[in-house]
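Engineer: This is a predicted model, with the sequence first.
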Amino acid sequence: MSLAALCARMADEGIRRLLVIADEDEVCLQQANDLRVLLPGDWLWVGEATDWPLHCAPRALTTLLGREFTHAVLDARYGFDVAALAALSGTLKPGSFLVLLTPPLDAWAQRPDNDSCRWSDTAEPIATPRFVEHFCRALRQDENVILWSHSYSFSLPAFSARPAWHAATGAPEREQAEVLAELAAMPPGVMVVTAPRGRGKSALAGMHLARLATQAIVTAPGRAATDVLASYAGEINFMAPDALLAHIIHGQPLADWLIVDEAAAIPGPLLTTLVSAFRYVLLTTTVQGYEGTGQGFLLKFCAGFPHLIHRELHTPLRWAEGCPLEAFISTVLLFDDASALAQPVGEATTLSLEQSAWSTQPSLPAALYRLLTSAHYRTSPLDLRRMMDAPGQHFWLTKTPGALLAALWLVEEGGLSAGLSRAVWAGFRRPRGNLVAQSLAAHGGSPLAATLRGLRVSRIAVHPSRQREGLGQALIAHARQHVTGCDYLSVSFGYTAALWDFWQRCGFHLVRLGSHREASSGCYTAMALLPLTAAGQALVDNEQRRLARDLPWLDAWRGEKLPLAVNPQTTLNDDDWLELAGFAFAHRPLSSATGALQRLLVQVDLPLNALRMQLTEKRSEADICRVRGLSGRKALLVTQRQEAASALSLLDPEQTILLKEQVRQLQFF
Ligand SMILES: CC(=O)SCCNC(=O)CCNC(=O)[C@H](O)C(C)(C)COP(=O)(O)OP(=O)(O)OC[C@H]1O[C@@H](n2cnc3c(N)ncnc32)[C@H](O)[C@@H]1OP(=O)(O)O
Ligand SMILES: Nc1ncnc2c1ncn2[C@@H]1O[C@H](COP(=O)(O)OP(=O)(O)OP(=O)(O)O)[C@@H](O)[C@H]1O
């Protein structure tokens, strides 16, 4: 059969296929160009530079979501963006090939992968042998993939015929019709509809809206997300989540129904407030895919609404069920089965897992990844690649003979040179990686904080049916006993009282309270440490003392019950002087210096208008810039740094000159 005849048959069957060209650069390119001539289609090229008319960079692909193409090439010869692979597959019509260009399979594992710069925290791209091995194994095990490489002939295998496919017509499909009937008869309450991508969730919400006799408000993380919904509903009354919240807070009249599209991408606490304000609610969310899973959302959010109805859609609408391309991507990126976590029964053991397990017993790390994706909304294929090949990753798990109970992922941090750590403290440098270690230096009070070595808890998850039995604490305790050569365990998490309770019980101490809400959780970020050495303990003591002094000034945390003895002093100590010099003469951010600046404002009788307007009067930066005739945030910060410098000089000119010289030197090391 010719390629063109195969395409025609694939269109009739409603399927798409993966065609891999694994060869030297020029051969890949030649083959891709030949295919474009041979097979009619709009042919999208996803990769770096090309002369093809339709092209985009892998990371720009999300801007094309919702568009459809016949045939596409993903150029993975120099770097493999697997999220782009998944996103691209969603844009291809039945009868299309996704042509993947890779290095020759036998050379691929040794080649540095440019995509690794996004997730490996290394200065240079690294080779990714475990992912390549995993990917090649999946390629070879899937008889529906067409693989053209040195060691395979450039020919087509014989595929068995599939039943003819009938595209959806625009009228509700069977599963959609069933849910619509339920919605029409639903008593006041909440229904959540979940499905993998492209199952018609948004269309369903639109169809429901079109049939409603009463008023409804539609919300979603972004307006663009509601295009499909609107195309089925006709006119919609859209409000962004924040605007809707303001509406609710001001007690303005609401509609009967609230419809939320892609609900899992809205921060949990905000979503709960929105949902609680309406009599009838329909939420839709995707529970698989490159944006992370909605499974964690389901577990957390739905538990708060005991009478909530949960329905699922299974049948894909834009291609046939069992489409080989969708099936391959789901297998290779472990999208499958996240919801079907095996029930753990039997005796539990705890062990550490090396990255090499991806070669020797891949089912175990795969189960670990699935447990993490099921619990954490943000876990994505980027994490899968990081888990497999990034340096400095450590894994622990608790398992029964047949299933996984709990998983812990630790990442090595710190160990920076003293000079670099001081430069990070001063705000002159911010090298890649080291989230907590650098944050301790950049925002905390210890210029040498990033010289210490830590292990950061990147993720921890316990099987949903076995939480609050002590397994999470036991896993941390086990890791704590077995790790060597490190000063502390650390964690950065979206602060909720319940989660903090957990970390506290594990022996952690709060060391940093963020000043912004995380977009993913809607919570303020908090960082906590569990010291393991005397140096780790000294760091914790220092940061806790600092937090206790600064807490009264941290607006975001007012009203939060924190396990810190507040120590509201208004005098300046040595640490404050250093902090203020770092702000005035280096690049320390205002948010880190807030406590010290507030104390400075109490001590000094100078106007210091730019500082007082922001810190005392709590006016917005935009407002201050307008009143003071400043061009923007940068100019405001320069002014504020100058004000701090003049205040310090007034208090003690000699010490100011000394400290100025000292902090300025930190950029040269
Ligand atoms: C960096 C990060 O990974 S932060 C995110 C942490 N992970 C998650 O949120 C994923 C979903 N949650 C989980 O997997 C688990 O619930 C974990 C990992 C948070 C805790 O593991 P568990 O085995 O359930 O906790 P464990 O039984 O050891 O400790 C329970 C204590 O933690 C606190 N706690 C944990 N979860 C909750 C909760 N949902 N509500 C209230 N308190 C809680 C309580 O103090 C609790 O004690 P109690 O049961 O006597 O009231
Ligand atoms: N009954 C239907 N008849 C024809 N086309 C449909 C029908 N339902 C949905 N579609 C189309 O199928 C595609 C996928 O539908 P929709 O966007 O609602 O799915 P979804 O599950 O919300 O997917 P995603 O998670 O990708 O947003 C859209 O192009 C939509 O117009």
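Structural biologist: Thanks, I have the structure now. Ligands and ions are numbered 1, 2, ... in the order given.
Engineer: hang on, isn't residue 583 packed against residue 593?
Structural biologist: Yes - Residue 583 lies in contact with residue 593 (C-beta atoms under 8 Å); the separation is 4.1 Å. C-beta: built from backbone N, CA, C; applies to glycine.
Engineer: These two: who's more crowded?
Structural biologist: Between residue 583 and residue 593, counted using other C-beta atoms under 10 Å, residue 583 has the larger neighbour count: 28 against 24.
Engineer: which helices and strands does whichever helix or strand that one is part of pack with?
Structural biologist: For residue 583, the host element (DSSP states H and E) is helix 574-585. Contact partners of helix 574-585 among helices and strands, from 3 or more C-beta pairs under 8 Å, 6 or more residues apart in numbering; DSSP states H and E: helix 590-603, helix 633-651, helix 653-664.
Engineer: most packed of those?
Structural biologist: Of the helices and strands packed on helix 574-585, the one with the most neighbours on average (mean count of other C-beta atoms under 10 Å) is helix 590-603, at a mean of 21.
Engineer: Can you pull out the residues in contact with that helix?
Structural biologist: Helix 590-603 is contacted by residues 442-444, 515, 546, 549-550, 553-554, 569-572, 575-576, 579-580, 582-583, 608, 611-612, 614-616, 637, 640, 644, 647-648, 651 when judged by C-beta atoms under 8 Å, 6 or more residues apart in numbering.
Engineer: Just the buried ones out of these, please.
Structural biologist: For the contacts of helix 590-603, a neighbour count by 16 or more other C-beta atoms under 10 Å gives the buried set as 442-444, 515, 546, 549-550, 553-554, 572, 575-576, 579-580, 582-583, 608, 611-612, 614-615, 637, 640, 644, 647-648.
Engineer: Poorly predicted segments of the chain, please.
Structural biologist: Across the chain, the ranges flagged by pLDDT under 70 are 65-66, 151-154, 288-300, 337-342, 377-378, 518-522.
Engineer: all helices in the stretch 101-250 of the chain, in order from the N-terminus.
Structural biologist: Assigned by DSSP state H, counting those that start in this stretch, the stretch 101-250 of the chain shows helices spanning 105-108, 129-141, 174-184, 201-211, 227-233, 241-249.
Engineer: quick one, phi psi at residue 407?
Structural biologist: Residue 407 adopts backbone torsions of phi -140, psi 140, taken as degrees, to the nearest 10.
Engineer: Tell me the secondary structure at the closest residue to ligand 1 within the chain.
Structural biologist: The nearest approach of the chain to ligand 1 comes at residue 472, 2.4 Å away (C-beta to the nearest ligand atom). Classification of residue 472 by DSSP: H, G, I helix; E, B strand; the rest coil places it in helix.
Engineer: distance of it from residue 613?
Structural biologist: 45 Å (C-beta to C-beta, to the nearest Å).
Engineer: If you count surrounding residues, which of the two has more?
Structural biologist: In this view residue 472 and residue 613 are compared by other C-beta under 10 Å, and residue 472 has more residues nearby, 22 against 19.
Engineer: Would you agree the more buried one is in contact with residue 398?
Structural biologist: No - counting by C-beta under 8 Å, residue 472 does not reach residue 398; the two are 9.4 Å apart.
Engineer: ok but residue 514 is inside a strand, no?
Structural biologist: Yes - the assignment for residue 514 (three-state DSSP) places it in a strand.
Engineer: where does the closest residue to it other than its chain neighbours land in three-state SS?
Structural biologist: Nearest non-adjacent residue to residue 514, counting by C-beta to C-beta, 6 or more residues apart in numbering: residue 525, 3.5 Å away. Using three-state DSSP, the structure places residue 525 in strand.
Engineer: Run through the bridge partners of residue 525.
Structural biologist: Counting by DSSP bridges, residue 525 forms beta bridges with residue 494.
Engineer: how about it, what does it touch?
Structural biologist: 492-495, 514, 516, 518.
Engineer: List buried residues within these.
Structural biologist: Buried among those (16+ other C-beta under 10 Å): 492-495, 514, 518.
Engineer: nearest to residue 529, of the residues you listed?
Structural biologist: Comparing the buried ones among the contacts of residue 525 against residue 529 with C-beta to C-beta places residue 492 closest, at 10.4 Å.
Engineer: Now the closest one: closest residue in space, sequence neighbours ignored.
Structural biologist: residue 527 (4.8 Å).
Engineer: For that neighbour, give its distance to residue 420.
Structural biologist: From residue 527 to residue 420 the distance is 20 Å (C-beta to C-beta).
Engineer: Now for residue 286, how many residues are close by?
Structural biologist: Residue 286: 24 surrounding residues under other C-beta under 10 Å.
Engineer: looking at the sheet around it, what are its partners?
Structural biologist: residue 195.
Engineer: can you tell me which residues contact residue 58?
Structural biologist: Residue 58 touches 46-47, 74, 81, 83-84, counting by C-beta under 8 Å, 6+ apart.
Engineer: What residues does the stretch 551-669 of the chain have near ligand 1?
Structural biologist: Taking C-beta under 6 Å from any ligand atom, no part of the stretch 551-669 of the chain reaches ligand 1.
Engineer: coming back round to it: could I get the buried ones among the contacts of residue 525 in CSV, plus columns for distance to ligand 2?
Structural biologist: Output for these, formatted as CSV (distance: C-beta to the nearest ligand atom, whole Å):
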residue, distance to ligand 2
492, 29
493, 28
494, 24
495, 30
514, 31
518, 23
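Engineer: now, which of these lie close to ligand 1?
Structural biologist: Among the buried ones among the contacts of residue 525, the residues that sit close to ligand 1 (C-beta under 6 Å from any ligand atom) are residue 493.
Engineer: Buried residues in stretch 257-269, which are they?
Structural biologist: In terms of neighbour count (16+ other C-beta under 10 Å), stretch 257-269 has its buried residues at 257-268.
Engineer: Thanks a lot, catch you later.
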